[in-house]
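Peer 1: Attaching a predicted model along with its sequence, questions to come.
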Amino acid sequence: MTHEALDDRHGVIWLDGEFVPWSDARLHVLTHGLHYGGGVFEGERVYDGHIFKLAEHTRRLHESARELGFRIPFSCTDLDEATLELVRRQGIGNGYVRPVAWRGSEQISVSSAGTSVHVAIATWEWPHVFSASAKEHGIRLSTSRWRRPAPDTAPVRAKAASLYNICTLARDAADEAGFDDALLLDYRGYVAEATGANLFLVAGDELHTPTADCFLAGITRQTVLDLARHLGIPVVERHILPGELSTFDECFLTGTAYEVQPVRAIDDHEFQVGKTTTVLREAYTRLVHSPAPERGRASA
Ligand code: PMP
């Protein structure tokens, strides 16, 4: 598959406090973050000119940097304002926002002492990850041989670029085998998450999701848990073994980019796109399209 290059587009990217022409937003090959994985990022979504949960994403970017031992040199308020202005300037109605922060090029030792911290924000129109048919009828996952690491092995609470090595290896293997995405187990063998989204399972009228003790507890995961509780759907957060998957009737993924994405199969086990998945997907769609005070308005 060929992709349109991301480094040569029209418009501007916010870089270290300035709006710079899109193709000028570059960094040096001797960047610490590139060599040693010292980078954190976010994925945000714009709906009808609003950024959904902007404040939560910006806060998580700051917290991810702190987990990696560096401090972002712009306040959350500054970053929120820059994001809103960028989305307005780029004229994004429905799209994606990618903030990223990384250690600069002051030294090539593994030690990060003396490195500066840089931040960039880019946005583009990007309405859906999967096809309309996959969105409706579900995607197929294969269980990966790669696992989410233990909290004393990697900074598992951070949305850290370095952790995405595992996701890319898993995703590429799944693609090659003809699946849409991979399911990763954790270091203990429990069911964890997909390569860019959290996992939910439905048994009867109960919603189950793995305890997020070694992977990202996504903002969408929390939103869906809140919606479920509000709708009176019983929620169970617990450790789930892969052998239990065949006991569930429905399965879906949640993430900023994936939204509420039905799963129709994990390996050989098939699920239905049932009532609970549909109700939660509809509730989520209504929520992201309804203006809320905590959401930034970019088109004002
Ligand atoms: N897990 C991983 C590995 C992810 O990349 C994402 C996407 N950010 C998620 C979970 C879901 O997080 P969120 O709902 O905050 O987008």
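Peer 2: Ah, there it is. All values reported here derive from a predicted model rather than from experimental measurement.
Peer 1: switch to C-alpha atoms for all contacts and neighbour counts from now on
Peer 2: Fine.
Peer 1: what's the neighbour count on residue 108?
Peer 2: Burial measure for residue 108: 15 neighbouring residues, criterion other Cα atoms under 10 Å.
Peer 1: Please identify the nearest residue in space to it, excluding sequence neighbours.
Peer 2: Spatial nearest neighbour of residue 108, excluding adjacent residues (Cα to Cα, 6 or more residues apart in numbering): residue 32 at 6.2 Å.
Peer 1: For that neighbour, report the pLDDT, please.
Peer 2: You'll see residue 32 listed with a pLDDT of 98.
Peer 1: just the one 3 residues further on next, same as before
Peer 2: Predicted confidence (pLDDT) for residue 35: 98.
Peer 1: Show me what the helix or strand hosting residue 99 is packed up against.
Peer 2: For residue 99, the host element (DSSP states H and E) is strand 95-103. Counting contacts by 3 or more Cα pairs under 8 Å, 6 or more residues apart in numbering; DSSP states H and E, strand 95-103 is packed against helix 32-36, strand 39-41, strand 44-47, strand 117-125.
Peer 1: Of all the ones you listed, which one comes closest to the ligand?
Peer 2: strand 44-47 (7.3 Å; Cα to the nearest ligand atom).
Peer 1: any weak-confidence spans in this structure?
Peer 2: 1-3, 127, 291-300 (pLDDT under 70).
Peer 1: What residues does it have near the ligand?
Peer 2: 43, 195-198, 216, 218-221, 254-256 (Cα under 6 Å from any ligand atom).
Peer 1: Could you tell me which of those residues belong to helices?
Peer 2: Cross-referencing the residues of the chain next to the ligand against helices under DSSP state H gives 219-221.
Peer 1: just how off-centre is the strand holding residue 99 within its chain?
Peer 2: When distances are taken as Cα atoms, centre = their mean, to the nearest Å, strand 95-103 is centred 11 Å away from the chain's centroid.
Peer 1: contacting residues around the closest residue to residue 126 other than its chain neighbours?
Peer 2: Distances taken as Cα to Cα, 6+ apart put residue 95 closest to residue 126, at 4.4 Å, once the chain neighbours are dropped. Listed by Cα atoms under 8 Å, 6 or more residues apart in numbering, the contact set of residue 95 reads 45-47, 123-127.
Peer 1: As a markdown table, these with neighbour count would be great.
Peer 2: Converted to a markdown table, these look like this (neighbours: other Cα atoms under 10 Å):
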| residue | neighbour count |
| --- | --- |
| 45 | 25 |
| 46 | 28 |
| 47 | 20 |
| 123 | 24 |
| 124 | 20 |
| 125 | 16 |
| 126 | 15 |
| 127 | 14 |
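Peer 1: Could you report the neighbour count for residue 99?
Peer 2: If we define neighbours as other Cα under 10 Å, then residue 99 has 22 of them.
Peer 1: ok, how many other residues are close to residue 84?
Peer 2: Residue 84: 19 neighbours (other Cα under 10 Å).
Peer 1: Return the distance of it relative to the ligand.
Peer 2: Plainly put, residue 84 is 19 Å away from the ligand if you go by Cα to the nearest ligand atom, to the nearest Å.
Peer 1: mind checking the SS state of that residue?
Peer 2: Secondary structure assignment for residue 84 (DSSP: H, G, I helix; E, B strand; the rest coil): helix.
Peer 1: do the same with the one 3 residues further on
Peer 2: Put simply, residue 87 is helix when judged by three-state DSSP.
Peer 1: Can you list the residue ranges for strands in the stretch 151-300 of the chain?
Peer 2: Taking DSSP state E, counting those that start in this stretch, the strands of the stretch 151-300 of the chain run over residues 181-186, 191-194, 198-203, 206-210, 235-238, 250-255, 259-266, 269-270, 296-297.
Peer 1: Out of those, the one nearest residue 56 is which?
Peer 2: Nearest to residue 56 among the strands of the stretch 151-300 of the chain is strand 296-297 (11.0 Å), distances taken as Cα to Cα.
Peer 1: picking up where we left off before, closest to residue 91 out of the strands of the stretch 151-300 of the chain?
Peer 2: Among the strands of the stretch 151-300 of the chain, strand 296-297 sits nearest to residue 91 (Cα to Cα), with 12.5 Å.
Peer 1: which residues are contacting the helix or strand where residue 19 lies?
Peer 2: For residue 19, the host element (DSSP H and E) is strand 18-21. With contacts defined as Cα under 8 Å, 6+ apart, strand 18-21 is touched by 10-14.
Peer 1: and among the helices and strands packed on strand 95-103, the most buried is which?
Peer 2: Most buried of those by mean neighbour count (mean count of other Cα atoms under 10 Å) is strand 39-41; its value is a mean of 25.
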